[in-house]
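[1] heads up, no residue letters with this:
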């Protein structure tokens, strides 16, 4: 009896998965650039920039996007300079809500990102003490939660605005981005 239940469960799972993949439309659809404002935890806000690619849909209304983003922050106090930067390589899934106006597409999403974080402190020579420099690099996995809206501004380009909150150990961050995407191919 247990064997038949397992076989039936596997068969239904394969059928459901093949049905979802049959409705997928994957491939490089759009590429784009984005600029934004990032407010990292325990630091002042700073500007960011990045590139992204729309890879189509993995199921109806579920889009897939990959991205590379960068932000850097620095501060000088009494001659000592500290800086932190983050290069993110990530992927997001966005659920596009169905609305009456097809030109405006709101969405909510979730994603994962690898954050390559670099921090550095430079202290100049002073009072008989030599100059010193300390730096550290770390790679952390982050979870992105957010959403936004995109709108077509021409048949081949879209304008988007979005807000995301990245949950990353020691450097969680809130970001707002504006971007343009451009259709690839015909």
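    Structure received. Bear in mind the structure is a predicted one, so any value in this text is a computation, not a measurement.
[2] so where's this structure uncertain?
    By pLDDT under 70, the low-scoring segments of the chain are 1-22, 186.
[3] need the next SSE after the strand ranked longest in the chain, C-terminal direction.
    The single longest strand within the chain, with elements called by DSSP state E, is strand 132-154. Per DSSP states H and E, the first helix or strand lying C-terminal to strand 132-154 is strand 157-167.
[4] so what does that next one touch, helix or strand wise?
    Packing contacts for strand 157-167, counted by 3 or more Cβ pairs under 8 Å, 6 or more residues apart in numbering; DSSP states H and E, involve strand 25-40, strand 104-123, strand 132-154, strand 173-183. Backbone N, C-alpha and C define where each C-beta goes, glycine included.
[5] contact partners of that strand?
    The contact list for strand 157-167, computed with Cβ atoms under 8 Å, 6 or more residues apart in numbering, reads 30, 32, 34, 88, 109, 113, 115, 142-153, 172-183.
[6] Likewise for stretch 60-67?
    So stretch 60-67 is in contact with 23, 26, 34, 50-58, 88-98, 107, 109, 111, 113, going by Cβ under 8 Å, 6+ apart.
[7] Quick check: end-to-end length of stretch 166-184?
    Taking Cα to Cα, to the nearest Å, stretch 166-184 runs 29 Å from one end to the other.
[8] And it, what's buried?
    166, 168, 171, 173, 175-177, 179, 181, 183 (16 or more other Cβ atoms under 10 Å).
[9] which two in those residues are spaced the farthest apart?
    Within the buried residues of stretch 166-184, two members stand farthest from each other by Cβ to Cβ: 171 and 183, at 34.1 Å.
[10] on that earlier part again, quickly compare the helices and strands packed on strand 157-167 and say which is most buried.
    Compared across those, strand 173-183 shows the largest average neighbour count, a mean of 18 (mean count of other Cβ atoms under 10 Å).
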